[in-house]
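Participant: coordinates only, no sequence provided:
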DNA sequence: AAGGGTGTGAAGAGATTGTGAATCAGGCTT
DNA sequence: AAGCCTGATTCACAATCTCTTCACACCCTT
């Protein structure tokens, strides 16, 4: 789906300028411009997914500008995040009423910033087409397994083993391979521990997904 | 729907007195009174939609008075906006806990003042529908949590942790992730501090919202 | 029938988390 | 300055869940 494009208006403030490098180091394509004029010049070419806009701009307020952008047919789908340096910015309500999608204060924790941006950008994707029914989906973030459309929360070891098998579907993993991958070398486990975990997984997501290859190991069966 | 009625307690302060003329020039019907006694005399006759109340009053604090008003059946629906002359009034949280609907600092820009008053008066209509849709709302500006329609004011650390979890709902955050995001790297906390904060949050907003993933971390559960 | 390999039930060991309470620091009040 | 309050941190213990191990049954092949 390509990198998300962010158009950052820094208004010549250092705090906002630094965001460019930070976001650039993450998974975003960032263009930083100084003011409203430069913003408008870049809109067409850069075609951003999201605009970060300071509330305090030179000519007009970021809130007015936000409103303006949201009213244009071509641009109304672009996310707008307002930035403020004052932690107690009383404009938040006016800001959100102007159609902005989120409101962030400086200083903001990096993780929080990233989280909100990603959540915002993700919002759009989830909307149009839902993912088709794959037999097995593993969501590392949520620690969630979706098998045949049903969600399961597995305990840690079971989750890790299933993730391992899923990393190479249809490959047969020997018990030793699994042990080496899941357990630290020193706290080696003996005996049938792996087998028991496999059983637990089968009880939960169904027996059909994991096949036993006698004398060799286990295999995640996907078509 | 007719003009909104505002009852302004000016406490003989010029800054507050001047609000009467300003608001009167807008779309409001304003009655200004000096103190608590005059306020109570006018409540019944004037039947205001909104009361503006200084934090520093002569006899008792505006916060106590606010609490008092909100407890009366007949008056509990009236909006109360607290006014403070100290920009960093530490009573803000206590003030909001007393049931006040908003908190304004002097000097306040006219536009901001109007925006917030209007937003407040508008809120009543929007509230019921909005509440049922979202299980958790975090208002960074007012330091306010709304969980299942109930408002809470959490201490700083709890608020920050909940904000972090909310930045990516349903994602599992490990304790280390939480520590790195909330605490500065040098003043690292050890042990079970995060767990205790999570407990405090659960005690307040309910245990159902935050799920524990054993061996991994915590997750904010939203559908 | 024997034997290797695997599924299954159960139980103890182990680890993680919930919980009550003590301690400490900072701000505010008296 | 002393005392009180709230919030933050830490500790110890209990409750809970997970992991591991064992024993036995079962299947398949020889």
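Facilitator: All right, it came through fine. Just so you know, these numbers come straight off a predicted model, no measurement behind them.

Participant: for chain A, what spans make up the helices?
Facilitator: A:14-25, A:36-46, A:62-71, A:92-97, A:110-126, A:156-167, A:175-182, A:193-205 (DSSP state H).

Participant: ranking those helices by burial, who's on top?
Facilitator: Most buried of these, by mean neighbour count (mean count of other CB atoms under 10 Å in any protein chain shown): helix A:92-97, with a mean of 21. For the C-beta atoms, the positions are set from N, CA and C on the backbone; glycine is no exception.

Participant: what is the rounded mean pLDDT of that helix?
Facilitator: Mean per-residue pLDDT for helix A:92-97: 55.

Participant: please name the nearest non-neighbouring residue to residue A:202.
Facilitator: residue A:210 (5.9 Å; CB to CB, 6 or more residues apart in numbering or on different chains).

Participant: what about the closest residue to chain B within chain A, distance to DNA strand D?
Facilitator: Of all residues in chain A, the one sitting closest to chain B is residue A:115 (3.1 Å; CB to the nearest CB). From residue A:115 across to DNA strand D, the span is 20 Å (CB to the nearest atom of the strand, to the nearest Å).

Participant: who touches that residue in this structure?
Facilitator: Residues in contact with residue A:115 (CB atoms under 8 Å, 6 or more residues apart in numbering or on different chains) are B:164, B:167-168, B:171.

Participant: what pLDDT does it get?
Facilitator: If you check residue A:115, the pLDDT there is 72.

Participant: quick one: contacts for the residue nearest to the spatial centre of chain A?
Facilitator: What sits nearest the mean C-alpha location of chain A, by CA atoms, centre = their mean, is residue A:118, with 5.0 Å. Listed by CB under 8 Å, 6+ apart, the contact partners of residue A:118 are residue B:168.

Participant: over to residue A:20?
Facilitator: Listed by CB under 8 Å, 6+ apart, the contact partners of residue A:20 are A:8, A:10, A:30, A:32.

Participant: which non-adjacent residue is nearest the second one?
Facilitator: The shortest distance from residue A:10 to any residue other than its chain neighbours is 3.9 Å, reached at residue A:16 (CB to CB, 6+ apart).

Participant: gap between that neighbour and residue A:57?
Facilitator: 11 Å (CB to CB, to the nearest Å).

Participant: kindly report the same for residue A:13.
Facilitator: Using CB to CB, residue A:13 is found at 10 Å from residue A:57.

Participant: tell me which residues touch the closest residue to residue A:195 other than its chain neighbours, please.
Facilitator: Leaving aside its sequence neighbours, residue A:195 sits nearest to residue A:175 (CB to CB, 6+ apart; 7.6 Å). When contacts are counted by CB under 8 Å, 6+ apart, residue A:175 touches A:194-195, A:217-218.

Participant: and of those, the nearest to residue B:71?
Facilitator: Nearest to residue B:71 out of the contacts of residue A:175 is residue A:194 (CB to CB; 62.9 Å).

Participant: does the closest one touch residue A:161 like I think?
Facilitator: Yes. Using CB atoms under 8 Å, residue A:194 is in contact with residue A:161, at 7.4 Å.

Participant: now for the two: what residues contact both?
Facilitator: Shared contacts of residue A:194 and residue A:161, defined by CB under 8 Å, 6+ apart, comprise residue A:178.

Participant: DNA strand C contacts on chain A?
Facilitator: A:192, A:195-196, A:198-199, A:202, A:207, A:212-217 (CB under 7 Å from any atom of the strand).

Participant: report the lowest-confidence entry in those.
Facilitator: Out of the residues of chain A next to DNA strand C, that is residue A:207, at 85.

Participant: neighbours of it, how many?
Facilitator: A count of nearby residues for residue A:207, using other CB atoms under 10 Å in any protein chain shown, gives 12.

Participant: what is the least confident helix or strand in chain A?
Facilitator: helix A:92-97 (a mean of 55; mean pLDDT, DSSP states H and E).

Participant: what sits up against stretch A:152-162?
Facilitator: Stretch A:152-162 has contacts (CB under 8 Å, 6+ apart) with A:138, A:143-146, A:178, A:182, A:194, A:197-198, A:200-201, A:204-205, A:220, B:213-216.

Participant: could you check whether it is close to DNA strand D?
Facilitator: Yes. For stretch A:152-162, a contact with DNA strand D is found by CB under 7 Å from any atom of the strand, at A:155-158.

Participant: low-confidence ranges, chain A, go.
Facilitator: Along chain A, segments meeting pLDDT under 70 span A:1, A:59, A:86-99, A:103, A:105-112, A:122-134, A:185-187, A:223.

Participant: quick check: residues of it near DNA strand D?
Facilitator: Residues of chain A lying close to DNA strand D by CB under 7 Å from any atom of the strand are A:155-158, A:183, A:187, A:189-193, A:196-197.

Participant: beta-bridge partners for the closest residue to DNA strand C within chain A, please?
Facilitator: Closest residue of chain A to DNA strand C, CB to the nearest atom of the strand: residue A:212 (3.7 Å). On the basis of DSSP bridges, residue A:212 is bridged to residue A:218.

Participant: distance check, it against residue A:179.
Facilitator: 17 Å.

Participant: and what of residue A:159?
Facilitator: With CB to CB as the criterion, residue A:159 and residue A:179 are 16 Å apart.

Participant: residue A:151 touches residue A:144, doesn't it?
Facilitator: Yes. Applying CB under 8 Å as the test, residue A:151 and residue A:144 come out as touching, 5.9 Å apart.

Participant: of the two, give the one with the bigger neighbour count.
Facilitator: Neighbour totals were compared for residue A:151 and residue A:144, and residue A:144 leads with 19 against 11 (other CB under 10 Å).

Participant: who touches both of residue A:16 and residue A:57?
Facilitator: Residues touching both residue A:16 and residue A:57 (CB under 8 Å, 6+ apart): residue A:9.

Participant: so what's the residue count around residue A:27?
Facilitator: When neighbours are counted by other CB under 10 Å, residue A:27 registers 10.

Participant: residue A:34: how many residues sit nearby?
Facilitator: Counted with other CB under 10 Å, the neighbours of residue A:34 add up to 15.
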